[in-house]
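Q: Whatever this is, show me its structure:
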Amino acid sequence: LHNRCPNCGGKTLFASGLTMNRECPKCGMAFERDDGFFLGAATLNYVVALFLALLPVLILFLTGILSVKVATLLGMLGAVFFPILFYRTSRSWWLMFYFYFLPQELPANRKDVPPYEDNA
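A: Residues are numbered from 1 along each chain as shown. This is a model prediction of the structure:
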């Protein structure tokens, strides 16, 4: 929720603005798992924008509170600016969901077992 590295907790997820680090500068964990990994973050961003930015405008228009022009303007502004403002959060949430459901993939959670040695 605070755009932190899921492995070490450092505030290292983003370099600046909308630029995400490829790996954590503190612990070295790679954020990009595979090609297209953050496609889920884009989908999450789209769905949240739909429900938080566009659906309220539609409801206000259908109830007669907003005129066609105002609803169209607010809808267009919400469709453009909300996803940009929510970009960092959606990427952070996508990493959170990934490691919540696959905690063994997080380097801090790995319990590497030493190889079996036969002393016989």
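Q: Quick check: which element contains the residue most central in space within the chain?
A: Centroid-nearest residue in the chain, with CA atoms, centre = their mean: Arg91, separated by 2.1 Å. In this structure, Arg91 sits in helix 68-101 according to DSSP states H and E.
Q: Helices along the protein, start to end?
A: Along the chain, the segments classed as helices by DSSP state H run 39-49, 55-62, 68-101.
Q: wait, doesn't the residue nearest to the centre of the chain sit right on Phe37?
A: No. If you go by CB atoms under 8 Å, Arg91 and Phe37 don't touch, sitting 9.9 Å apart. Bear in mind the C-beta positions are built from the backbone N, C-alpha and C, glycine included.
Q: residues of the helix holding Arg91 that come out buried?
A: Neighbour-count burial for helix 68-101 flags 71, 74-75, 78, 82-83, 86-95, 98-99 (criterion: 16 or more other CB atoms under 10 Å).
Q: what lines up beside the worst-scoring helix or strand of the chain on mean pLDDT in the sheet?
A: Scoring the helices and strands of the chain by mean pLDDT, DSSP states H and E places strand 14-16 at the bottom, with a mean of 87. Within its sheet, strand 14-16 is paired with strand 19-20 (antiparallel), according to DSSP bridges.
Q: which residues sit against the strand it pairs with?
A: Strand 19-20 has contacts (CB atoms under 8 Å, 6 or more residues apart in numbering) with Leu13, Phe14, Phe31, Arg91.
Q: Which of the residues you listed has the largest number of neighbours?
A: Counting neighbours by other CB atoms under 10 Å, the top entry in the contacts of strand 19-20 is Arg91, with 23 neighbours.
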